[in-house]
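Novice: no sequence on this one, just coordinates:
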């Protein structure tokens, strides 16, 4: 992919279509460590459930919480059925810079589909993508953007789309990090998910990203079953199709799982208020407030992107994963903030020797 | 409740509002057995996973299927992640005559709410319900019906509604059977759910009934977690409510989980095609076809209401749980039909000595 990254209106408009804004900041070329330099777990830490977390207050807060709510003699004990943990995806479980990875997918799809659509050479907004002409693309506005999303995410069966996503994510590489996108998940968060599950929490993804985009790979990568993945979705239509039934993806939005949509999605899909919620941006604030309002003891975790060398550093002024009101409220209410630079010994799994 | 049951247009119209039609047939007064007469399990059968099923082809088909798909050496072996089992609720897991139990709830709610609404004494359709005047009620048409449903199922928070349902189901009694509604679940199906779970199937409800109506009690009664209950739903709206967040139920339908809606709901909520699907009516046909189209070996089960003494007997001509096209297709395709009279030793749990 040779898209020229710059502070373009295109990215602003494009991600608006997924209910947020985009303007990438402080991109750093991957400082991938050589294997010989990679962090490895000392033997004495292997029984540690969160080995990639530094021995900080953050880690201790997580472990104390889990110890307390799983101890039947503790007044804050939580029954297993109520141990619902909800995680945002973009920026919380994997990276989200310089644009949401799902947008890389959409751009790649337009290019891949272009051979079947010779007319796209003359038709916007496809022409701009095919010519890597971000200036023209940015002029297409919301209408053009929605056209790209609907073209690439609808008009096929759920099975066909799943195969397309699976094939893409198995081979596509991040243009700056030169890693597969699924290599850009956060090792400390993988450990946290596993630790919670080992303590009988049921882990869910509650993401603004597309539910059908996540399901084909998130189950294997995060260990979260497809039915525990909540996200934005388009309408679908069952068709008996002469005895070969299919469910078709329609070019019409059904549900936006962001901001207020997150507690709404939790109500729709899960039906129970979480006791543990993790996010990284203002788009997750309502979900964390929702967990915070639980009568049971709850844990609110914000991931703060503070590491411009190993990952990216951004918060209040970022147009992807803007973390401003959430940062203030977390500090004011004493929610736990994981500072990536300070709290995470390792960020990506590839930093560990396999 | 002193509603006079008759073949009234009211019931027809009322249940139309929940996407089906209603006209009750062949109601039988409960022939509840005395405890001394109740069926008890012989000792040698206690290791039997389906003790309330007679030793018939139906039972053998279920057990053979489960044995085959859980045997790693069998070519039809199914990985645990793919062992998705979906069950209709009304008529499949509990009774549904003479009207869906959720409609008894709605009628009872109008009566319970009437003290706060003195104007209802003069305002249709409430006036008709309060006066048990089914003739007038039937004249209100779809508009009146939707008014009743929205009045009783929306305009409050999800928590408030959950409490209302919980309180109602804890005390209300079926007017003909004189049992709590949760006592009218099918013992053989409880055993089947448990048997499937013991074999690492993940069990889901996929019902035309209201998701928020089922969640408050179905978890305890069926052992199915709230997040594995799919049903019809209204729109919801998150409100930060000055720091005391709530999710409000809006008086607007969001999703009808019936007929084509069932595979669509499965795609939305589960994201994976079931290998086991059970229903009892034409409204479940699309769900069973969806399972039948699975590339993995699948099991399609229809419950046929054939017992006019212990439960009810109805199929092709019933306006609740009409079973006509589904019956033909099941026979033609060799799907398994559980004949309640022939295949079920016990129908309700209260027939067993506790």
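Specialist: Right, received. Where do you want to start? Everything numeric here is computed off the predicted structure, so don't read it as measured data.
Novice: all contacts plus neighbour counts: C-alpha atoms, from now on.
Specialist: Fine.
Novice: Low-confidence regions, the stretch 251-354 of chain A specifically.
Specialist: Within the stretch 251-354 of chain A, the stretches with pLDDT under 70 are A:353-354.
Novice: What residues does it have near chain B?
Specialist: Proximity of the stretch 251-354 of chain A to chain B, by C-alpha under 8 Å from any C-alpha of the partner chain, involves residues A:260-261, A:263-264, A:267, A:269-272, A:286, A:289-290, A:293.
Novice: In helices only, show me the residues you listed.
Specialist: Using DSSP state H, the members of those that fall in helices are A:261, A:263, A:264, A:286, A:289, A:290.
Novice: What is the nearest of these to residue A:213?
Specialist: For these, the minimum distance to residue A:213 (C-alpha to C-alpha) is 17.8 Å, reached by residue A:261.
Novice: wait, the closest one sits on residue B:238?
Specialist: Yes. Judged on C-alpha atoms under 8 Å, residue A:261 makes contact with residue B:238 at a distance of 7.4 Å.
Novice: Neighbour count: the two, which is higher?
Specialist: residue A:261 (25 against 21; other C-alpha atoms under 10 Å in any protein chain shown).
Novice: From residue A:249, how far off is the more buried one?
Specialist: 21 Å (C-alpha to C-alpha, to the nearest Å).
Novice: So for residue A:139, what's the pLDDT?
Specialist: Here, the pLDDT recorded for residue A:139 equals 80.
Novice: ditto for residue A:37
Specialist: You'll see residue A:37 listed with a pLDDT of 45.
Novice: for residue A:19, same thing?
Specialist: Residue A:19 is given a pLDDT of 35.
Novice: what's the answer for residue A:132, then?
Specialist: pLDDT, residue A:132: 88.
Novice: And the one 4 residues further on, by the same measure?
Specialist: What the model reports for residue A:136 is a pLDDT of 83.
Novice: Can you give me the buried ones in stretch A:116-129?
Specialist: For stretch A:116-129, the neighbour count (16 or more other C-alpha atoms under 10 Å in any protein chain shown) marks A:120, A:121, A:124, A:125, A:126, A:127, A:128, A:129 as buried.
Novice: Of those residues, which belong to helices?
Specialist: A:126, A:127, A:128, A:129.
Novice: what helix or strand is residue A:60 on?
Specialist: Following DSSP states H and E, one finds residue A:60 within helix A:57-69.
Novice: What are the contacting residues of that helix?
Specialist: Here helix A:57-69 makes contact (C-alpha atoms under 8 Å, 6 or more residues apart in numbering or on different chains) with A:50, A:53, A:74, A:76-78, A:196, A:199, A:297, A:299, A:336-338, A:343.
Novice: can the very next helix or strand once past that helix be found next to chain B?
Specialist: Downstream of helix A:57-69, the first helix or strand assigned by DSSP H and E is strand A:84-87. No. Using C-alpha under 8 Å from any C-alpha, strand A:84-87 stays clear of chain B, with a minimum separation of 10.0 Å.
Novice: Might you report the residue contacts of residue A:150?
Specialist: Taking C-alpha under 8 Å, 6+ apart, we find residue A:150 in contact with A:251, A:252.
Novice: Would you double-check that it falls in a strand?
Specialist: No. Applying DSSP: H, G, I helix; E, B strand; the rest coil, one finds residue A:150 to be helix, outside a strand.
Novice: Let me know the distance separating it from residue A:133.
Specialist: Between residue A:150 and residue A:133 the distance, using C-alpha to C-alpha, works out to 20 Å.
Novice: do the same with residue A:245
Specialist: Distance from residue A:245 to residue A:133, counting by C-alpha to C-alpha: 41 Å.
Novice: neighbour-wise, which of those two wins?
Specialist: Per other C-alpha under 10 Å, whichever of residue A:245 and residue A:133 has more neighbours is residue A:245, with 19 against 16.
Novice: sorry, back to before: and the helix holding residue A:60, what's its mean pLDDT?
Specialist: On average, the pLDDT along helix A:57-69 is 98.
Novice: circling back to that earlier point, compare the residues of the stretch 251-354 of chain A next to chain B and tell me which is most surrounded.
Specialist: Within these, most neighbours by other C-alpha under 10 Å means residue A:263, with 33 neighbours.
Novice: mind listing the helices for chain A?
Specialist: Ranges of helices within chain A are A:9-16, A:57-69, A:101-113, A:126-130, A:134-138, A:141-153, A:158-171, A:187-198, A:211-222, A:261-265, A:285-292, A:325-333, A:340-343, based on DSSP H.
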